[in-house]
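A.B. asks: Pasting the sequence and the predicted model now:
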Amino acid sequence: AGAEAEHGIQLAADAAAGKRGDQRADVAHRKLLVRIWIRLAETLREGVRGEAAATAQALSAGRVLMGLGLGWMREEFDAVGERFERRAARMEEMITVMKKLWSGRPVEHAGEWYRFRPLQMSPGLDTPLPLVFGGASEPAIRRAARLGDGWYGPPEDLAGAVASRRRMLAELDKAGRDPA
């Protein structure tokens, strides 16, 4: 069972049917999965986003998945003053920055969008935060295969889902990554 909250945060508890009272609460506590979806990666700053995700990961004992998608509507990017055509490159740099920050060590960065002198986010992540990508375009599948720990494809019929899975497996192979 799951309930979606505002601001793209979803909590899903996998409590076994038939359990009562404290037993059910114990199962829910141990099985809680937190999904944080960042639909438009460009609408929040990397430090705030990275620290919020790291805090959720620490508080949930490593049960956070961070979902990332580029967005497709040009008007949404115009509204926040970002260049629609460069959204993929910016997202990739944002991921690099967040991974640096999650190390817990002093880091610096000088890229196209993000620049900062040595700083440290403390504590760092003890448990890696899986990045799960969305999208069905060829570039989205390549990006998920290259950078992600998971991928959510579009709603499709069985034949489409099988074809999308084949595309993803081929891209994972090209990226030298094991799908397991």
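C.D. replies: Received, thanks.

A.B. asks: quick one: least confident helix or strand in this structure?
C.D. replies: Least confident helix or strand of the chain, by mean pLDDT, DSSP states H and E, is strand 9-12 with a mean of 34.

A.B. asks: how near is residue 172 to residue 63?
C.D. replies: Remark: distance between residue 172 and residue 63 (Cβ to Cβ, to the nearest Å) = 24 Å. Glycine gets a C-beta too; all of them are placed from N, C-alpha and C.

A.B. asks: The nearest residue to residue 130 once chain neighbours are set aside - how many residues pack around it?
C.D. replies: In space, and not counting its chain neighbours, residue 130 is closest to residue 149: 3.8 Å by Cβ to Cβ, 6 or more residues apart in numbering. A count of nearby residues for residue 149, using other Cβ atoms under 10 Å, gives 14.

A.B. asks: Give the full set of residues in contact with residue 149.
C.D. replies: 128, 130-132 (Cβ atoms under 8 Å, 6 or more residues apart in numbering).

A.B. asks: Which residue of residue 172 and residue 63 possesses the greater neighbour count?
C.D. replies: The residue with more neighbours, out of residue 172 and residue 63, is residue 172; 20 against 17, by other Cβ under 10 Å.

A.B. asks: Quick check, the more buried one in contact with residue 180.
C.D. replies: No: Residue 172 is beyond contact range of residue 180, at 9.8 Å (criterion: Cβ atoms under 8 Å).

A.B. asks: what ranges of this protein fall below the confidence cut-off?
C.D. replies: Within the chain, the stretches with pLDDT under 70 are 1-49.

A.B. asks: Tell me where it has helices.
C.D. replies: 21-31, 46-59, 74-79, 87-102, 138-147, 158-174 (DSSP state H).

A.B. asks: ChimeraX command for the buried members of the contacts of residue 149?
C.D. replies: Only the buried members of the contacts of residue 149 end up in this ChimeraX selection, burial being decided by 16 or more other Cβ atoms under 10 Å:
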select :131,132
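
A.B. asks: among the contacts of residue 149, which two are most distant?
C.D. replies: Greatest spatial distance in those: 128 and 132, 12.5 Å, computed using Cβ to Cβ.

A.B. asks: count of neighbours near residue 78?
C.D. replies: Neighbours around residue 78, by other Cβ under 10 Å: 11.

A.B. asks: List the residues that contact the nearest residue to residue 122 once chain neighbours are set aside.
C.D. replies: Setting aside the residues directly before and after it, residue 122 is nearest to residue 104 in space (Cβ to Cβ, 6+ apart), at 5.9 Å. Contacts for residue 104 were tallied using Cβ under 8 Å, 6+ apart; they are 120-125.
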